[in-house]
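For reference, the sequence and a predicted model appear below.
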Amino acid sequence: MMLVCYACDPAQSRGRRYPQAPALTRTEYQRDRDRIVHSTAFRRLVYKTQVFVNHEGDLFRTRLTHSLEVAQLGRSVARSLRLNEDLVEAIALAHDLGHTPFGHAGQDALNDCMSAFGGFEHNLQSLRVVDHLEERYPQFDGLNLTFETREGILKHSSRLNAQTLELKEPGGVGQRFLDGTQPSLEAQLCNLADEIAYNAHDIDDGVRSGLITLEQLEEVALFDDFRREALAEYPHLQDAAQARRLLYETTRRMLSAQVYDVITATTTAVQATAPTSVAAVRQSAPLVQFGPAMRLKSQALKTFLLHQLYHHPQVLQTMNQAQQIVHELFRAYVADPQEMGEGFLARAEAARGAPNSSSARARVVADYIAGMTDRFAAREHERLSGLKLL
Ligand code: MG
């Protein structure tokens, strides 16, 4: 399929940090995707969670299934907009690689622990994973991905972190956070696909866990419009025994409507701006978007999920324990790096001689904890503290 002139073209890639000969049968973005799928961090996504802790049930989303859903939604939209599907897939599969165990609670706790040492930010950590932490190649650390994939992975950055990146890699992936330019449309699309995916699957997981009810969701317009539509077409779904099917049918319609909305609104925005190249996309306002009505409905759904699900007492209680685990692990490893895995111990010892030795050492500990799965973190905590929290 012919892509639009403002889609990313692997033949025009800004390249890899360590130049490599092209692959025989794959484009550069396909090669990025393959490297991501084979990475250690990608395999661990199956045991990391978003909202629920991994052992709470086998039926909830993990970071792995979430990433696959983002890739699916992103690719559907990319195909329709004639953007580069392979790049969207690579970014989507890598976008959560830097997530700590225990979802946002884990990330907040680790950010607290690192507050005196430059903080912890999961998008930057995803970039660290693909740039430094994966150890698979003889010639370099990391996966040596293309600029465009790395740009999409770093979806947010504080100004300070962007400045640090810019010093190490002038004109690189940190630059747009300093000069206010935009990333490729493929990267913009992954951002929105991420949002669409988690809004839908958090409803699904929330209802199936019993923490939120279908009745509560009637106050959410984005959900309720499609619930009514589904019931009008299939009245038998009213039956309590059909509640699961009603949930799925509603979520499916909601997802489709959001996908069509993004395609329509983005097409309109692109036509108004008429970019002729990726460079032009970078200089314009963000173009991948919801229409105004869908934007409001999506916001209302997010607010609902925040109050009713993410701040549900049961979720908060688990997350408090998760935060305690992360805090105590951090303290234990800083006090005694011997307790960490081999490679990390070696890095902590090497950090001893560094000019900023305590912050370099803390960073090693943060990398170690961030890489853990939920269950490994809980087990490590139990081993070190004798306390079983989760
Ligand atoms: Mg995500």
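Thanks, I have the structure now.

surely K388 meets R379?
No. Counting by Cβ atoms under 8 Å, K388 stays clear of R379, with 9.3 Å between them. C-beta coordinates here come from the backbone N, C-alpha and C atoms, glycine included.

Compare these two and say which is more crowded by neighbours.
Each of K388 and R379 has its neighbours counted (other Cβ atoms under 10 Å); R379 has more, 14 against 9.

quick one: pLDDT of that one?
R379 is assigned 95 on the pLDDT scale.

and it, that one's in a helix?
Yes. Assigned with DSSP: H, G, I helix; E, B strand; the rest coil, R379 falls within a helix.

Please name the residues that touch it.
For R379, no residue meets the contact criterion (Cβ atoms under 8 Å, 6 or more residues apart in numbering).

Okay, it and G15: tell me how far apart.
Applying Cβ to Cβ, to the nearest Å, the value for R379 to G15 is 41 Å.

cool, A335 as well?
Taken as Cβ to Cβ, the span from A335 to G15 is 43 Å.

Tell me which of those two has more neighbours.
Between A335 and G15, counting by other Cβ under 10 Å, G15 is the more crowded of the two (13 against 10).

For that one, give me phi and psi.
With angles defined as degrees, to the nearest 10, G15 sits at phi 90, psi -180.

what's the spacing between it and the ion?
Noted for G15: a distance of 26 Å to the ion, by Cβ to the ion, to the nearest Å.

what sits against the residue in the stretch 101-250 of the chain that the ion sits nearest to?
Residue nearest to the ion within the stretch 101-250 of the chain: D194 (4.2 Å; Cβ to the ion). Going by Cβ under 8 Å, 6+ apart, D194 touches V70, A92, H95.

Looking at neighbours, which among those residues is most surrounded?
A92 leads these on contacts (other Cβ under 10 Å) with 30 neighbours.

I196 is in contact with that one, correct?
No. Here A92 lies out of contact with I196, judged by Cβ under 8 Å, at a distance of 11.6 Å.

so who does C113 touch?
F120, V326, H327, F330, R331, A362, A366.

Which two among the residues you listed are spaced furthest apart?
Spatial extent of the contacts of C113 (Cβ to Cβ) is set by the pair F120 and R331 at 14.9 Å.

These two: who's more crowded?
Legend: neighbour count by other Cβ under 10 Å for F120 and R331, higher for F120 (27 against 13).

which helices and strands does the helix or strand where K297 lies pack with?
If you go by DSSP states H and E, K297 is part of helix 292-305. Helices and strands touching helix 292-305, by 3 or more Cβ pairs under 8 Å, 6 or more residues apart in numbering; DSSP states H and E, are helix 185-209, helix 221-233, helix 243-273.

tell me which residues of the first one are tucked away?
Okay, so that is helix 185-209. 185-207, 209 (16 or more other Cβ atoms under 10 Å).

The longest one now?
Across helix 243-273, burial judged by 16+ other Cβ under 10 Å covers 246-247, 249-251, 253-255, 257-259, 261-263, 265-266, 269-270.

ok, so what distance separates the nearest residue in space to Q238 that is not next to it in sequence from Y260?
Spatial nearest neighbour of Q238, chain neighbours left out: L231 (6.0 Å); criterion: Cβ to Cβ, 6 or more residues apart in numbering. L231 sits 21 Å away from Y260, going by Cβ to Cβ.
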